[in-house]
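Q: Provide a 3D model corresponding to the input given below.
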Amino acid sequence: MRNGFKDVMIKLTTIFALLTAAECVAAAERPNVLLIMSDDLNMNVGCYGDTPVKTPNIDRLAARGVRFERAYCQFPLCNPSRASMFTGLRPDTIKVYDLQKNFRSERPRITTLPQVFKNNGYFSARVGKMYHYGVPRQIGSGGMDDPDSWDLAINPRGRDKDEENDLHVLTRGTGTTLGFSMSWLDQAGTEEEQTDGQSATESIELLERFARDKRPFFLGTGFYRPHVPFVAPKKWFEMYPKESVELINLPKDDLDDVPTPAQTIRPANYGMSESDLKDCRRAYFASVSFMDSQVGRLLDALDRLGLAENTVVVFVSDHGFMLGEHGQWQKQLLFDESNRVPLIIAGAGVEGRGASPRTVEMLDIYPTLVELCGMPQPKHKLEGQSLVPLLADPQAPSNRPAYSQIQRGTDQKDAHPPIMGRSVRTERWRYTEWDEGNAGVELYDHESDPREYKNVVNDDAQAKTVAEMKKLLHRIRN
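A: Take a look at the predicted model:
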């Protein structure tokens, strides 16, 4: 199940042997990068301490650096979000809005974030899911990977994939594949037998090789959990007894003032029973804690190998995840839980500690790592902004908003062309337009309504705010 690690290490040895002394010396003066990505992580339950889910290792990483309380993806769907982050360009620039399109079909010669490091003396490696994969269908394959980004790519496959027939499948969701299902499994065996456990093991073995050979590295470790199906070893389920799981209690009028495109992606709670919903939340919690344990294994390896001080560690999810908020599950919505992501940056060059309340974007990761590691700028203009000032002082002033978007109607005929929903988030407000406002507008005050239950766009007292937010939203289109 380990996908030929012996062959991988032979290839690694060959590549190392081809390194020139000049490349080693020049790159060795720069910090390493460990980019850890989770999949579908809900910020309200999934990390940062005081949540229903125990994530001691993510919390440990957060204590070592800066955690961004208001970080946002640019498109709450896997392929567009990851393509945007790795190219440093917005979805509208690379024209990636779905799970099928490869960003290189639009920008074939673009230099990705790991490619910048690969081109400048670093060893660039990927283990697991960094670019888009159909989960669980493509686990163990290359998925929609970008070979130009890496010197080495490893695709683990564990028993979570091999034993799919054991899943409790409650609903297939909006598609026919397990990737949009509501399904779960408290699986027998050890965490090292899971795909994510194998990803941690493979990554640790690479770190050990990097430490021995003194080769600077950019290592991306991509975990599949907590993406559906929610699978984890039984011991993680035991942390969350079903009777202790609470469901979200929504106001009865929650959706009365919400435009149709904002809410009609799936039936409310998939029509599942309260018992099934508790099983799903419990399984999600277990999957998050299991993933957190793998993060801990990576951090332990950095410490043990003496790599922690000279390695920038980034932890992020590709987007958020709905767990019953507004009666919705999964992603592809413009509510805060679908767009907000965990973002932690710690290690080499990060002087600040604690939480930053500033609004930031996943687009900012590319320019931040380029600046922190002294990389040359890519030839294309990056559309994010370096977070280095906030890594020195998490409270430093900043008035930059964050932008997210999602497409609706891609399954319709030409008579009903797709429309775009676009959202802008400041520290206090979220403002959203559907089809340039023709299909609805939303405004939420996060100071008094952090769960976005009351759309105040038609409140006369907010007319000035609506005008200001509308201007912010359209600024990025001009």
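Q: counting neighbours, what do you get for the spatially closest residue to C78 that is not a sequence neighbour?
A: In this structure, C78 finds its nearest non-sequential neighbour in H132, 5.0 Å apart by Cβ to Cβ, 6 or more residues apart in numbering. In short, each C-beta sits where N, CA and C put it, glycine included. Neighbour count for H132, taken as other Cβ atoms under 10 Å: 26.
Q: H132 belongs to a strand?
A: No. The assignment for H132, made by DSSP: H, G, I helix; E, B strand; the rest coil, is coil rather than a strand.
Q: list phi and psi for it.
A: The phi/psi pair for H132 (degrees, to the nearest 10) reads phi -70, psi 140.
Q: let me see the contact set for it.
A: C78, N79, R82, A83, L99, G143, M144 (Cβ atoms under 8 Å, 6 or more residues apart in numbering).
Q: buried subset of the residues you listed as a PyMOL selection?
A: To isolate the buried ones among the contacts of H132 in PyMOL, judged by 16 or more other Cβ atoms under 10 Å, type:
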select buried, resi 78+79+82+83+143+144
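Q: what's the spacing between the residue nearest to C78 and L89?
A: 16 Å (Cβ to Cβ, to the nearest Å).
Q: now swap in I406 and tell me
A: 17 Å.
Q: OK, contacts around P267?
A: No contacts exist for P267 under Cβ under 8 Å, 6+ apart.
Q: let me fix that: D98
A: L77, N79, P80, Q407, T410.
Q: sec struct for it, please.
A: coil.
Q: per-residue pLDDT, it?
A: The model reports D98 with a pLDDT of 95.
Q: try F180
A: pLDDT at F180 comes out at 88.
Q: I'd guessed it sits against W329; true?
A: No. If you go by Cβ atoms under 8 Å, F180 and W329 don't touch, sitting 9.6 Å apart.
Q: out of those two, which sits in the more crowded spot?
A: More crowded of F180 and W329, by other Cβ under 10 Å: W329, with 27 against 19.
Q: tell me what that one is bridged to.
A: On the basis of DSSP bridges, W329 is bridged to L323.
Q: what distance do you get for it to G197?
A: 26 Å.
Q: cool, and E191?
A: 4 Å.
Q: okay, and the common contacts of those two?
A: In contact with both E191 and G197: Q294, using Cβ under 8 Å, 6+ apart.
Q: show me the helices in the stretch 201-350 of the chain, by range?
A: 234-237, 260-263, 274-304, 336-339 (DSSP state H, counting those that start in this stretch).
Q: which residues does the closest residue to G158 other than its chain neighbours contact?
A: In space, and not counting its chain neighbours, G158 is closest to T195: 3.7 Å by Cβ to Cβ, 6+ apart. Residues counted as contacts of T195 (Cβ under 8 Å, 6+ apart) are G128, I139, G140, P156, R157, G158, D160, K161, Y224.
Q: and the contacts of H132, which of them are in helices?
A: C78, N79, R82, A83 (DSSP state H).
Q: what stretches of the chain score poorly on pLDDT?
A: 1-28, 46-50, 173-176, 410-416, 478 (pLDDT under 70).
Q: buried residues in the host helix or strand of V466, which are they?
A: Element membership of V466, judged by DSSP states H and E, is helix 463-475. Under the neighbour-count criterion of 16+ other Cβ under 10 Å, helix 463-475 has T465, V466, M469, K470, L472, L473 buried.
Q: dump these to a markdown table, plus distance to K381.
A: Output for these, formatted as a markdown table (distance: Cβ to Cβ, whole Å):
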| residue | distance to K381 |
| --- | --- |
| T465 | 31 |
| V466 | 31 |
| M469 | 26 |
| K470 | 26 |
| L472 | 21 |
| L473 | 21 |
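Q: quick one: which of the residues you listed is nearest to N455?
A: Minimum distance to N455 across the buried residues of helix 463-475 is 11.2 Å, recorded for V466 (Cβ to Cβ).
Q: now that closest one: how far from R340?
A: 22 Å.
Q: do S38 as well
A: Distance, S38 to R340, using Cβ to Cβ: 13 Å.
Q: for these two, indicate the residue with more neighbours.
A: Between S38 and R340, S38 has the larger neighbour count (other Cβ under 10 Å), namely 30 against 27.
Q: for the more buried one, give me its contacts.
A: G46, F223, R225, P226, V288, M291, F315, V316, S317, D318, P342.
Q: I'd say the fifth one and R225 touch.
A: Yes. V288 is in contact with R225 according to Cβ under 8 Å; the separation is 7.2 Å.
Q: with distance to D460, neighbour count and secondary structure added, can I get the contacts of T195 in a markdown table?
A: What follows is these, written out as a markdown table (distance: Cβ to Cβ, whole Å; neighbours: other Cβ atoms under 10 Å; DSSP: H, G, I helix; E, B strand; the rest coil):
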| residue | distance to D460 | neighbour count | secondary structure |
| --- | --- | --- | --- |
| G128 | 51 | 27 | strand |
| I139 | 52 | 23 | coil |
| G140 | 57 | 18 | coil |
| P156 | 57 | 25 | coil |
| R157 | 58 | 17 | coil |
| G158 | 57 | 24 | coil |
| D160 | 53 | 27 | helix |
| K161 | 55 | 20 | helix |
| Y224 | 48 | 28 | coil |
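Q: can you list these in CSV and add distance to F217?
A: Formatted as CSV, the contacts of T195 follow (distance: Cβ to Cβ, whole Å):
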residue, distance to F217
G128, 16
I139, 24
G140, 24
P156, 18
R157, 24
G158, 24
D160, 27
K161, 27
Y224, 22
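Q: closest to C73 among the residues you listed?
A: Nearest member of the contacts of T195 to C73, counting by Cβ to Cβ, is Y224, at 17.3 Å.
Q: residues contacting the closest one?
A: By Cβ under 8 Å, 6+ apart, the neighbours of Y224 are D39, G128, K129, Y133, V135, P136, I139, D160, T195, D196.
Q: contacts only, for the fourth one.
A: Residues near Y133 by Cβ under 8 Å, 6+ apart: C78, I139, S141, G143, M144, Y224.
Q: R107: which of those is nearest?
A: M144 (14.9 Å).
Q: hang on, that closest one packs against K129?
A: No. M144 lies out of contact with K129 (Cβ under 8 Å); the separation is 9.9 Å.
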